[in-house]
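> predicted structure and sequence below. I'll ask about it afterward.
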Amino acid sequence: MANRSVLARDQLTGKIVHISDVEEGYERAICDVCDSRLDAANYFRSTRKVAFYFRHRSGGEGCSSMTMLHEYAQQIVRDRGVIQLPDFEASVYPRNPKNNVEPLEFNRTGYLANLLNPSLEKNYPTMRKLIADVHGTEPEVGDLYVEIKVHNEVNEEKQAALRKAGLDVIQVDLRSLVDLPGLTKEQIQEAVVFSATREWISQRRFENDLLSLRQQMRELELQLTSERCSTRIVQEEKGLKKKDWRRKHSSELGLLEAYHDLENRRLAVNQFWKWCQDPQKPENTVYRKLTGRYGGVPPIVNIPVRGELAFKAHRTYWQTLIFEGVILKIYDDQMRKIAQQKHKNKRFYYGDEIAWLSDLPSIYPADIYKFLLRSGVPLTTLASAFEELSEEEPLAERYGSRPDSLRFVTVKEYAILPKPVPAIRRYLKALCQIGIVSASNDIFFIPFQSRPEVDQSVANYDELAREGLSEYGW
């Protein structure tokens, strides 16, 4: 506002007045900074238009209306008897930052407070002699103090004293109005009462609510501490159980550790191959039949698959049993059924493919496993030992689906453990790639086709065998 201001001090009453409150030619206005007289320049003789400001008669450069704005705002609060309270927000955090507890939020929306018997420049009830800009009593709540921030703000020392005294104090910031030309009385009043930035400097009215939140936070932390203690006890008990289980089954785990050695696995698969050529072994019967009929072992029943060492027999033996004893048997049984149906219902027969699909049997890896056991295919000592630990429950492929009795076996140990049913599943999936069977999830079918043959060529044999051979480092 420099040497022009919409506010002036009335020399007679000592009050701050707005230019709109005085008549043309008002002569009791003085500057609150330099004490010089001010003219109510609210009428231009040349244009006959109203101009809202007080003008220094001489000098006045650099004079500001900060003090007058401060006092005028005090007068507005006192005369209006209302003030908009600011919103109040607070967060209660856990005392231990390591506790994973979200802070509890407390929010109260501000409202227009009525003030009874408002007065100016009232002493605070503190040990030090501090003075409030405005004081009033809010019905059913208590004392409320208002600080007007224009050139001075409530410093940290004063704020600490107010908080220690447990007082409700707000501060209204009017710095945005300083030296702003042409402000109407209504604009200043609206800013003071409603829209100017305001904040809580000190408060006691929300302390009970905050105390309750702090109590809630303490209870949450106590609960968390108790849960952590319980979890620690459970983990310690689990650790003891795991240690005891692994001690009791050290022999089985020792077998698994030996199996982990690549050389031992290579020796085992070579030994099983030798059994195929030993007349004293049942594998030899299958081997002689294959070599006698086809001149050698057909690739389709000699596909290496991961986990095949669950069976104490060469893959040629158990894969031939599956191919001939399950797949070809199902195929031949279906063809016989179709032939019978065709003979009985010539008039209503709709074709081989429809008849095939209408009565298509399902093949499950778990059922094939039972078939192999009935056929006399034994398990290795390692696989048999862990199946006994699982209470004869077939070993699942995924660690998360392992039997509960094997819960103390590690992820790496379970991954390398040879499992019969997953090995059978991998063989069936290899046959899927050849076109012998098809799959839907974990169910396998024989598609409508010409009869599969054991000596059927396997063009992608190297690709099919790569995963299984990698188990031996080949």
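Received, thanks.
> make it CA atoms for all contacts and neighbour counts henceforth
Noted.
> quick one: contacts for the nearest residue to L406 once chain neighbours are set aside?
Distances taken as C-alpha to C-alpha, 6 or more residues apart in numbering place S390 nearest to L406, at 6.5 Å, with adjacent residues excluded. Counting by C-alpha atoms under 8 Å, 6 or more residues apart in numbering, S390 makes contact with P403, D404, S405, L406.
> which of the residues you listed are buried?
Buried residues within the contacts of S390, counting neighbours by 16 or more other C-alpha atoms under 10 Å: P403, L406.
> tell me the one among the contacts of S390 nearest to F194.
D404 (68.0 Å; C-alpha to C-alpha).
> what sits up against the helix or strand of the chain with the lowest mean pLDDT?
Taking mean pLDDT, DSSP states H and E as the measure, the helix or strand of the chain with the lowest value is strand 4-5, at a mean of 78. With C-alpha under 8 Å, 6+ apart as the test, strand 4-5 has contacts from Y53, F54, R55, H56, S64, S65, D179, P181.
> next, give phi and psi for the first one.
In other words, Y53. phi -170, psi 160 (degrees, to the nearest 10).
> how about it: what's its closest non-neighbour residue?
Here the residue nearest Y53, using C-alpha to C-alpha, 6+ apart, is V6, at 4.3 Å.
> quick check: the one you found vs V192, distance?
16 Å (C-alpha to C-alpha, to the nearest Å).
> neighbour-wise, which of the two wins?
Each of V6 and V192 has its neighbours counted (other C-alpha atoms under 10 Å); V6 has more, 27 against 23.
> you'd agree that one is up against G182?
Yes. V6 lies in contact with G182 (C-alpha atoms under 8 Å); the separation is 6.7 Å.
> which neighbours do those two share?
The overlap between the contact sets of V6 and G182 (C-alpha under 8 Å, 6+ apart) consists of F52, Y53.
> hey, where'd the strands end up in the stretch 1-150 of the chain?
Counting by DSSP state E, counting those that start in this stretch, the segments of the stretch 1-150 of the chain that form strands are 4-5, 7-10, 16-18, 29-30, 38-40, 54-56, 82-84, 88-92, 104-108, 112-114, 116-123, 131-138, 142-149.
> between these, which one is nearest to T316?
strand 104-108 (68.0 Å).
> can you give me the angle that closest one makes with strand 88-92?
Per axes from the mean of the first three to the mean of the last three C-alpha atoms, to 10 degrees, the angle that strand 104-108 makes with strand 88-92 is 170 degrees.
> counting contacts, what elements does strand 104-108 pack onto?
Identification of packing neighbours for strand 104-108 by 3 or more C-alpha pairs under 8 Å, 6 or more residues apart in numbering; DSSP states H and E yields strand 88-92, helix 207-248.
> in stretch 412-419, what counts as buried?
Y414, L417, P418, K419.
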